[in-house]
Every structure is written in structure tokens, then in C-alpha cells.
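A.B. asks: Fold the following.
(2 chains)
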Number of protein chains: 2
Amino acid sequence: MIAWKNYDTLQASQKLAGLKDHVNLQKAMAGESGAQRVEKYAVNMAAGLSYHYAAKQVDDEVLQALKELAQEAQLTEKYEALYNGEMINTGEKRLVLHQLTRGQLGADVIADNVNKREFYVQQQEKAAAFARKVHAGEIKNAAGEAFTTVVQIGIGGSDLGPRAMYIALENWAKRNGCQRMEAKFISNVDPDDAASVLKSIDVSRSLFVLVSKSGTTLETLTNEAFVKNALKEAGLDPSRHMVAVTSETSPIAHSSDYLEAFFMDDYIGGRYSSTSCVGGVILSLAFGPEVFARFLNGAAEEDALAANPDPLQNPDLLDALIGVYERNVQGYPATAVLPYSQALSRFPAHLQQLDMESNGKSVNRFGEKVDYVTGPVIFGEPGTNGQHSFYQLLHQGTDIVPLQFVGFRKNQAGMDVDIQGSTSQQKLCANVAAQIMAFACGKEDANPNKSFAGGRPSSIIIGEELCPEALGALLAHFENKVMFQGFIWNLNSFDQEGVQLGKVLAKRVLAHETDGALKAFSDLLGI
Amino acid sequence: MIAWKNYDTLQASQKLAGLKDHVNLQKAMAGESGAQRVEKYAVNMAAGLSYHYAAKQVDDEVLQALKELAQEAQLTEKYEALYNGEMINTGEKRLVLHQLTRGQLGADVIADNVNKREFYVQQQEKAAAFARKVHAGEIKNAAGEAFTTVVQIGIGGSDLGPRAMYIALENWAKRNGCQRMEAKFISNVDPDDAASVLKSIDVSRSLFVLVSKSGTTLETLTNEAFVKNALKEAGLDPSRHMVAVTSETSPIAHSSDYLEAFFMDDYIGGRYSSTSCVGGVILSLAFGPEVFARFLNGAAEEDALAANPDPLQNPDLLDALIGVYERNVQGYPATAVLPYSQALSRFPAHLQQLDMESNGKSVNRFGEKVDYVTGPVIFGEPGTNGQHSFYQLLHQGTDIVPLQFVGFRKNQAGMDVDIQGSTSQQKLCANVAAQIMAFACGKEDANPNKSFAGGRPSSIIIGEELCPEALGALLAHFENKVMFQGFIWNLNSFDQEGVQLGKVLAKRVLAHETDGALKAFSDLLGI
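C.D. replies: Residues are numbered from 1 along each chain as shown, chains lettered A, B, ... in the order given. From the prediction side, this is the model:
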């Protein structure tokens, strides 16, 4: 029997509170002790990745308390309930089924009289078949030419995840001969966004993927109209250049305005939709369905690991627990995501949405205000760039910011250069190793301005190369981490009521139904 | 006589501490009171911009206390000392002269036996002359073809600022017929970064701008070697494709490896160098020297405003003071920068460096540990995209994050579409107005999950259009804000000792001179 309890009512949370500042990271990571921690505090992830937490402020005692927290909060049972199709998104009365887009861990999930796994697979196959026809030239433009470019029109979860995934695999695909089409993205209602993308492509040879679950997202429909205008001005028939990704019940699901429609449903939240058709159509078109399938396999393998009740064998659960320790016991307000891979340049922006939109909440799943802090601010940029930028504050600022590094032994493009006795890839990897130690141990100096206090915790995910499977595992790792943290904080991580008020007020501004400060600001902005 | 005192020793800081939670923002911004605040709490910036702080948690009493803080901390006097050439960067024993690259507010500054304003102008003129020759086809490639692309090779301040500025003006320049060359940027030592840029350009028609003040930045020299290899493989002579931006004393200052060298000096920090040759060479090549000159004019005009001792007439000073109130009195750990302009997509990344690298410090300018918090975490993405992402936490999370909006009445590209009775630009502006009010006032709802507490402070900078002058003013505004905050916290905002330790350790890794945890991590990363 699952009990949904607030974090501060759990005995384990009291025990953890007593373990504040329990580990002296500077000492723990020094000398032989440090080497032993690196060996001991690691756990395998899917697709050959591994999660290393030696430089986190934990030891066996803290880990034991975290394990008790996992048990008392019934995290594994709650995950089972989720993947077996219980209504976890209670606010919106919805199941939470994004994992079913890439595998099936539990019982068949039947909803709306449909086997949901079969439904998602069917949509993937439809996307794969469509992509193959485009690649084979069976679907082409009115002039009989092949499509060379695919442009996603979407915002929020319909943009950030798929965009980050595309950028992550673009160089890999080029090197491995599976880049089939170039992909672009239009998201912002700022008309300069669409204008800029349209100027950079040949619209006559472009396919547009309109992504809106409801079929009513104002920004997305506005950008669709923008694109349709451009197609018409070029003498083209928009309906021969557009496909839709939406829910079966949306107004655009069965429209002759689109070459084809691919379906998702209300059980997949936007920020969890990269493995659904929201990511599947554009990634299958860009890289081929086989690459997208490999990406899904990596995610499914990670989902399976997340079912292990032992945190020491479950990287997603462990990462979640350590994050709660840092947030609620150590009191750190932000977390930085720092991939040492240029291909992951937009991965932090995706995680920012995933985490902050899921767990940036003040009421529990019963609508009661909680008395503890929940989701942190998430931000980040790729290393080594960040080292020459905001790392100053991370090293010597007055607040401690926990860090999540990601690194790969091999680069993607296969080009490199040897300078001063090492390759660029070696320099990249040397830097991330060095940073972990600099943050953990610091360095005393007679000049206080050159002193580093250390004691700044980090973890690192290490892989061989950022391939489709590794990317899928990475994505699922963070989705599962955020889910477990939501369970611990007793939140509903799958709604986003906080984005509604702004929409309502914006409509009022556009209808000129405002007064007071809102009217004054609207006047200043020339509306 | 200037006295450098810690923030917590100032009487005004005690007075401010007594004004915690002084303003009820929900009430203040409601109804007629809200409209009055919008009218009253605004101040003009340069280039037609204006700074609006009605939705900040201030009233006349808080503003009076902030004014006293400005006086007691001698902020105007310190700014005067800076632009008159006193040694403000005491740690590195350097003057701080970035403002001289765009104007002269005080006395002639003579250093190294040179009039520094004249020196910077001379370098700008050299860059302008070079750009004109490239545009006129007087400087061309070995095949006699014009250069079409310019690629900056730099990292940190040699990358983030110039890149953000280029993206900010690209659409404006295209529309106004002054886009002369396309610009690209290589920064990360990850070899996939350079590989990706090189694949996207015609190297035979590309000019490369190597930017390194010291001429020894390892990432940048590595990427230069990468590029030279590519040029040689294409049968080209690298020295006909490269220029350098560096200091006169650097090893690359007088080398036949470069077509030309443009000089900056130690008195301009990387993150403050966008208005020096670091930004000037690439922006003059991309948009023409006249556009760069207009950008400098906007910055100079803002610098002049910053000299006004009355915070209510000085947007840079006021923004700084309110930020200190939020950080040290209200206790907020992070600030989000949210431009409602796709052109400013990388402006938050630039501000992240500018702010966090300048003021992310724990010791004062005398090397003594301070007992108060200093620079906050800075992050952000363009609106409306952020609204569909991390705004959930900003609206309903357990921590309050102050917000800095930026909006323009007109878009840059001049293309737009009317949907449901409004243009995209109107929708964009309606959204930012709506967000300010949603954050400030919130909304009660019987369902606590749909309730918004409000009380979340924001300010907005509003302009007519993002043109070169406006961009210059915007850049200088934040540079000056960060400078004033550094003065208040008694920091040296112009060094960055926190980035050194990582460099030292990385070299040790590459030399295989490691043991303990550093060796263990290096092994895991395959070095």
C-alpha cells in the first residue's frame, strides 16, 4: 500500500538533518582516501555510461540514511505504480506513460480502450515509414525534388528536448553517414525567430513538423501561420510541406492541411516527450529511424535500472537522493549542469525545463503547502567554456553550487589536433578531471585572493562516446532523477499550473481588457 | 578621499536590514497604486531605452536608504576614480579602462607613456580601415576572391560578449543592408566545436580572428592549430587568412603568421572587452565600422549617465542598489535575465560571465574574507520560450528569484503575421507585460495548486528597437551595474583568480603528474 507523505514527516528526513556537513570533502578526497572513494563510489548506467559520486558530500553513513529515505518514501513502489499505469498525475487525473514510448517494464497499460505501448509503437512505426518514404524520394515537393531540410515548429517541451537531442547527435550522424536531413527549429513567438530560420533555408525543399499536443498553442499556431505565408509567397502549397504531431482529439489531428499526423496523448508531458513522436518524427527524418530506435533503446535500458530498489545499484535513484540531501539538508539553492561536450550545448536548457517545471512547486500532490524547499534553480553551459566564465563564482563565490559534470573519452567528429603533447580531446578530459578535484579539495594560498576553500561537491557521468544509446540513457537518467525527487518531496511533477496565469493575462492585454499597472506596462510596450 | 569599506560596516546597510520585506508587492502593484508606480518608478537610459522598477520591492523609503548607501559607499567617487585612471584592479595592479574604448568621461589617462583613449581609438581606426579593405576587395584570398565569412577564435570574454553582440545585430543588419560578412565562433577545446564550424564554411573565403590577450590561452592556441591544419589541408596559406587581437607585448603581436594585429591591453578585462578590438574587429568586418561606431556611441552615452550621483537619475546605479537589497536584505540567491527578443538569445550567457566572474568572490579587495553574500547566480533564456519551461519554478517554486526583463516595441526583421487579431510582436510584448504582473500580484484560487502567491520582483528595460545604439547602452548598463555592486561589496570585480587552480591541475593531468583521486578520475576519462 503506497502512502504519499511529505518529506518532513519521514523519519529518514530527521536522521538526514542530523547529518548536515557530515563529510569533510577536502579531507575525504585527498590522497589515498580520494582514490579509494573514486573506485568505490561509482555505479553503472545504461549504454556503457557510469555515474561517479566520489566528490559528493556523502559517505557510507549518509548513503545508509539515503537508502532508508528511499525505502520509507517507497520510491521504488511509486515508480512501479507509475509504469504500471496508476494515475500519478493526480492534479490533471492522468497516467504518466512516457517510459512506455521506449519499453515496457510492467503490466500492459490499457487506457482509452487502447494498449498504450502498442499505440506508441504504432506511432513510431508510422513516423519511421514516413521518414523512409521521404528519404527514398517517394514523398517529395511539387517540383518532384527531394526534401533536404526538416523544421520543427513547437515551444517548451516540443522544442527544447528535440532540439537538444538533434544538436547532440548531429556531428555523430555526419561522421557515421546517417545524417539524412538538416533540422531547424522555430519556437519563439518573436517574429524574428521564424524570419531568421526561413531566411536560412530553401523553403521549397523543407518539411515542417507542427508540434502541439492540444493543437491550440498560440505561439506555435502563430509560427505555423508565419511559415504558411512564406510557403504561399514562394508559390508553394503548404499542405504538401507540413506534418502534425498532436493528440488524436486535437483540432489538427485529422486535417487535410497536413501530409500526415502522428499522435501522442495526455499521458506524456511536454518535457518528457523527446522519446515520443514529438522527438521521433524530426529525429527519424534527420538521422533515420534506426538511429532513433537506438536512442530509445538506451533510454529503455536506463528505465530498467531505475527499478532497482538499492540506491547503490540505481544511478537515477541515487542521484535523486543526493540531490535532496544537497537541497534540503545542506541548503544549496541551485545546481549547475556542465557537459564537457559541445554536442550537449543545449542539454542544460532541456534539463532546466525538465527539472524546474516538474519540481518548482510549493504545494504537495494534495494541494497543501509544503514547509521545505523543493526543486532548485538549474543552469549550465558546456565546459571548457564555462571555466573561462562563471566558474569563478563556483570556485570562490559565497554560495556553494553543486555540480553535475558529463564527459566522454572520445569526441564525435573524429577530427583532432596534437598541441603541446596532447590532443584537444585529452585537454577537454584533463580539464574536467582537474575541475572535480579543484572544487572538492581547493587549495590554500598565503594570498587569500588565490585561496580556494574547496568543499564544493560534484558528480560526473562518464561515457565512451556520445552515441544514440548513450544520449537515450542520459535523457532517461535525468527524467527518472526528477521523478524520484518529486516523489520524495511529495509533489505532482507532471503538471505545470504555474504557467497558466501569464497566458490568461496576456490574452487580456491583447484584448485591451486591462487597467492599472498592466495597462500602464502595455502602453509602454506599445500594445 | 575614498574609503574602501565592507558592506556590513556601512550604516546604510544596517538601515536597509531593518527594511526587509518592507514593501507588499501584491498590494503595491494592484489597482491605481500600481499604475502610479509604473509612472513614477522609471528612469531614462541611453539610446532611447528606459529602466522600469515599479515591480521591484521598493518604495520611497527603501529608495532613500539605497541613496544613502550609494553616498556612504562613495559609489560615484569610485566610478570617477576608475574612469580617471586610478588603479582600481588592485590585485593585479591594473587600471580599469574599458570605458575609454568608447568615450572619455574624465581626465586624460596616461599609462605606459601612452594616452590610452588615443591608443584605443587608433586600434579601432586600424580595425575599421582593415574591414573597409576587406569589404572593398583590396584584401582577398590567394585566388583573388573576396572574403565572405569571419570566424572568431577565442574563449570566455573573447567569445561570449562578441558572439552575443553579433547575434543581437544580425537580423537588424540584414534588414538594414549592412550585413557585410557572416560571422562564426570557435571557442570550446572540444575538437567537435572547431570541426563543426569548419564543416559549415568555405575556408578558402574565410578570415579567422585569433583573440587572446596574453597570446598564450591554451584552448585558443589549440583551436588556432586546428584551423591552420584545415587551411593547409585545403592548400591554403594560413597567414593570408588570419588576424590577431592581442596585447602589444604578447608573443603573437608582431608575427608574420597574421595579416594584421590589433591591440588591446591589460587594462581591459576579457568580460569587459566587447567594445575593444575583441569585439571591434569581428563586428566591423561583419557589419561595417559605422555600425560598430554606433554601438560604441550607445555605450558611451550610458557610461555618462552612470556618473550621476542621484540613483533616481542613474539607471545603472539604481539597478545595482536594488540588486544588493535583493541579495543581502531579502536573501535571494539567483537572478534570471529574460529578454523578450530572440536576438538576445546569448545575452544572458554574456551577463552570466560578466556578473558571476566579476562578483563571485568571498574576499574583499584587501584579501579579507567578507561576512555577507556577494554575486548571485545569473541565468536566463529568451521569452516567450522560458514561459513554457522554467517559469513554473519562478511562479510557484519555494525560492524567490528576482527577474530582469528586456523588451522592444518593434522587432528587427520587419516580417510579421496577424493571427487572432494581433501580430507576433504584439503577442510577444503582451506576454512580457502579463508576466510582470503575474509575478508581482499573483492570483488567489480555491485550488491551491492553481494559486500564485505573487510578491516576485522584476524590472524591465524597454526600447523601441534593438539597434546598435540600444545594444551598446544595454551592454554598458550591465557593466556599470556589476561595477557598482562590486564597489558596494568592496570586491575587486576585475580579477578572476578563481579560474587558475583548474588550469594548474589540468596541466598536471596532461603531464601525467597526478596521484590519488585526480589520477583515478584521469584514468576513468582515458587520459
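A.B. asks: Could you use CA atoms for every contact and neighbour count after this?
C.D. replies: OK.
A.B. asks: mind giving me the domain ranges of chain A?
C.D. replies: Domains of chain A are assigned by automatic domain parsing as A:7-97+A:306-497, A:101-295, A:498-527.
A.B. asks: measure the shortest one end to end?
C.D. replies: The stretch domain A:498-527 measures 25 Å between its terminal residues, going by Cα to Cα, to the nearest Å.
A.B. asks: Could you dump the domains of chain A into a markdown table with mean neighbour count added?
C.D. replies: Shown next, in a markdown table, are these (neighbours: other Cα atoms under 10 Å in any protein chain shown):
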| stretch | mean neighbour count |
| --- | --- |
| domain A:7-97+A:306-497 | 22 |
| domain A:101-295 | 21 |
| domain A:498-527 | 20 |
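A.B. asks: which stretch among these comes nearest residue B:8?
C.D. replies: domain A:7-97+A:306-497 (14.7 Å; Cα to Cα).
A.B. asks: which non-adjacent residue is nearest residue A:87?
C.D. replies: Nearest non-adjacent residue to residue A:87, counting by Cα to Cα, 6 or more residues apart in numbering or on different chains: residue A:95, 4.4 Å away.
A.B. asks: how close does that neighbour sit to residue B:402?
C.D. replies: Counting by Cα to Cα - residue A:95 and residue B:402 are separated by 34 Å.
A.B. asks: Likewise for residue A:321?
C.D. replies: Going from residue A:321 to residue B:402 by Cα to Cα gives 28 Å.
A.B. asks: Kindly report the same for residue A:379.
C.D. replies: 15 Å.
A.B. asks: just residue A:71 next, same as before
C.D. replies: When residue A:71 is compared with residue B:402 (using Cα to Cα), they lie 37 Å apart.
A.B. asks: Near chain B, which residues of the stretch 101-250 of chain A? Just list them.
C.D. replies: Proximity of the stretch 101-250 of chain A to chain B is confined to A:155-157, A:171, A:187-193, A:195-196, A:222, A:225-226 under the rule Cα under 8 Å from any Cα of the partner chain.
A.B. asks: Could you please name the strands the helix or strand encompassing residue A:245 pairs with and the direction of each pair?
C.D. replies: Assigned by DSSP states H and E, residue A:245 belongs to strand A:242-247. The pairing partners recorded for strand A:242-247 under DSSP bridges are strand A:206-211 (parallel), strand A:261-264 (parallel).
A.B. asks: quick one: average pLDDT of the longest one?
C.D. replies: If you average the pLDDT over strand A:206-211, you get 98.
A.B. asks: Pull that strand out as CSV, backbone CA atoms only.
C.D. replies: Only the C-alpha atoms of strand A:206-211 are listed here, as CSV (Å, rounded to 0.1, in the frame of the first residue of the first chain):
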residue,chain,number,x,y,z
SER,A,206,11.7,21.9,-46.5
LEU,A,207,9.3,19.8,-44.5
PHE,A,208,7.7,21.5,-41.4
VAL,A,209,6.7,19.5,-38.3
LEU,A,210,4.0,21.3,-36.3
VAL,A,211,4.1,20.0,-32.7
